[in-house]
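S.K.: Sequence unavailable; structure follows:
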């Protein structure tokens with residue numbers, strides 16, 4: 001089992017905000033009338049096909065609806081949670097989701113995000129929504145392909161990237177995109193399979209190529225190299241990550257631990273002390289103090 005990795009995660013689904021088409025959508029959603037929503041989305045599919053917000057809102061609706069809990073009197077399938085009588089403890093029903101009862105619901109969300117991203121590749125809320133739907137439908141390979149396309153689009157010099165309701169991205173693409181990508185590379189790393197590791201490295205390499213100044217991908221590439229037993233490459237990558245972000249507490253902690261593991265006590269001490277000085281959070285400071293204490297104990301051995 002791999003050691004826990006210090007990193008930050010970010011997962012993105014298509015956003016929801018108000019606009020022209022959105023007004024009627026929001027009214028129906030507020031009254032929670034599924035049949036009316038289905039009718040509305042069907043009737044506007046043709047007239048709104050050139051509106052990127054149609055794909056963002058409709059896919060979001062179908063995905064959320066698929067995830068809603070469904071209580072049934074039918075017996076629970078193997079591995080499925082059941083409802084039991086409080087007095088007899090006998091099974092009286094099952095707990096499932098709409099999507100489990102009707103797999104076509106999630107397929108609708110997939111089809112809408114696929115078409116939306118094809119038509120509007122600059123709308124990254126739809127692109128990340130597609131990647132997330134693919135990932136959650138256990139199609140990591142397609143998700144990585146979508147994310148690589150997002151990296152290609154967003155790193156282009158003339159990219160005119162947009163977010164929900166055609167607003168600007170929440171933060172510059174050079175930080176927003178690689179930090180969102182980490183929400184996918186981290187679970188791939190933690191899956192601990194050859195296929196997941198290969199996809200993880202593919203996506204990390206593409207992230208470095210698109211945004212070479214962002215540190216997160218180097219940090220996770222270092223963890224991946226370490227998991228493969230390549231300690232030298234892991235150490236090199238951690239140093240690169242620290243050069244890109246010399247005051248990032250997560251990277252500093254990983255680097256300090258790597259220094260210590262290689263017997264570089266001076267470098268490890270400096271990194272731990274810098275972490276304490278930064279006062280980023282109580283956990284980091286406590287861990288750094290423990291690291292310094294361990295170094296002192298090492299001297300006494």
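M.R.: Nice, thanks for sending it over. Quick caveat: nothing in here was measured; it's all calculated off a predicted structure.

S.K.: Where do the helices of the stretch 1-150 of the chain begin and end?
M.R.: Along the stretch 1-150 of the chain, counting by DSSP state H, counting those that start in this stretch, helices occupy 20-31, 34-44, 52-66, 98-101, 104-119, 124-136, 140-154.

S.K.: any idea how far residue 245 is from residue 225?
M.R.: Noted for residue 245: a distance of 18 Å to residue 225, by C-beta to C-beta, to the nearest Å. C-beta: built from backbone N, CA, C; applies to glycine.

S.K.: With residue 177 instead?
M.R.: With distances defined as C-beta to C-beta, the gap from residue 177 to residue 225 amounts to 23 Å.

S.K.: Which of the two has more residues huddled nearby?
M.R.: residue 177 (26 against 19; other C-beta atoms under 10 Å).

S.K.: how much space between that one and residue 210?
M.R.: With distances defined as C-beta to C-beta, the gap from residue 177 to residue 210 amounts to 7 Å.

S.K.: shared neighbours of these two, which are they?
M.R.: Here residue 177 and residue 210 share the contacting residues 151, 154, 155, scored by C-beta atoms under 8 Å, 6 or more residues apart in numbering.

S.K.: thinking again about what came up before, quick check: which of the helices of the stretch 1-150 of the chain is buried the most?
M.R.: helix 124-136 (a mean of 26; mean count of other C-beta atoms under 10 Å).

S.K.: which other helices and strands contact that helix?
M.R.: helix 52-66, helix 104-119, helix 140-154, helix 173-191 (3 or more C-beta pairs under 8 Å, 6 or more residues apart in numbering; DSSP states H and E).

S.K.: can you tell me the average pLDDT over it?
M.R.: For helix 124-136, the per-residue pLDDT values average out at 97.

S.K.: Give the partner strands of the longest strand anywhere in the chain in its sheet and their orientations.
M.R.: The strand that spans the most residues within the chain, counting by DSSP state E, is strand 91-97. Paired with strand 91-97 in the same sheet, following DSSP bridges, are strand 69-72 (antiparallel), strand 82-84 (antiparallel).
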